[in-house]
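Colleague: What shape does this take:
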Amino acid sequence: MIYIASDHGGFELKNKIIDYLKSKDYQVEDCGPKELDKEDDYPDFIYPCAVQVGKGAVEDRGIVLGRSGQGEAIVANKAKGVRAALYYGGNLKIVKLSRQHNNSNVLSLGADFITFEQVTEAIDLWLATEFEGGRHQRRIDKISKLEHSL
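Modeller: Numbering: from 1, shown residues only. Take a look at the predicted model:
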């Protein structure tokens, strides 16, 4: 399952991404918002989305969007089991490494900084890239231990 959420700043792009993912036969759950409200607050949608990813199956992923993606990544990373990575354009290697080395399970996108073409390229790469494990798993385990110590 791919969970997706935004605020007003990412609302339009979120809906385009949902259509794109469904056209590629992914199961998608829209965590909101369901309608545009320029006064909404991203934590109200991003955190519940991230919680679903964190408590879900290992293969579950999340995509969160806002104008910069920064606040959305910060909020998503508050949910236990979530490793959100931020992408707002530029070199796609960061997207690939977020999966290979960090096993990111949430991708945060800065809607004001990327085109739809860049978004689909990043999402396709992110979904196709596998976690390498090995020495990187040791680091993920340490992150999990930190989460459980809070």
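Colleague: going forward, measure contacts between C-alpha atoms and count neighbours the same way
Modeller: Will do.
Colleague: Check which residues of the longest helix belonging to the chain are buried.
Modeller: What stands out as the longest helix in the chain, according to DSSP state H, is helix 135-149. For helix 135-149, a neighbour-count test (16 or more other CA atoms under 10 Å) marks residue 140 as buried.
Colleague: One more: stretch 23-39?
Modeller: Of the residues in stretch 23-39, those buried under the neighbour-count criterion (16+ other CA under 10 Å) are 28, 30, 31, 32, 33.
Colleague: which residues sit in contact with the fourth one?
Modeller: Contacts here follow CA atoms under 8 Å, 6 or more residues apart in numbering; on that basis residue 32 touches 4, 5, 6, 7, 45.
Colleague: do the same with the last one
Modeller: For residue 33, the contacting residues are 5, 6, 7, 8, 11, 45, taking CA under 8 Å, 6+ apart as the criterion.
Colleague: Could you rerun that using 10 Å?
Modeller: By CA atoms under 10 Å, 6 or more residues apart in numbering, the residues touching residue 33 are 4-8, 10-11, 14-15, 40-42, 44-46.
Colleague: and it, that's in a strand?
Modeller: No - assessed by DSSP: H, G, I helix; E, B strand; the rest coil, residue 33 does not belong to a strand; its assignment is coil.
Colleague: Nearest residue to residue 52 in space, please, no chain neighbours.
Modeller: Spatial nearest neighbour of residue 52, excluding adjacent residues (CA to CA, 6 or more residues apart in numbering): residue 3 at 7.4 Å.
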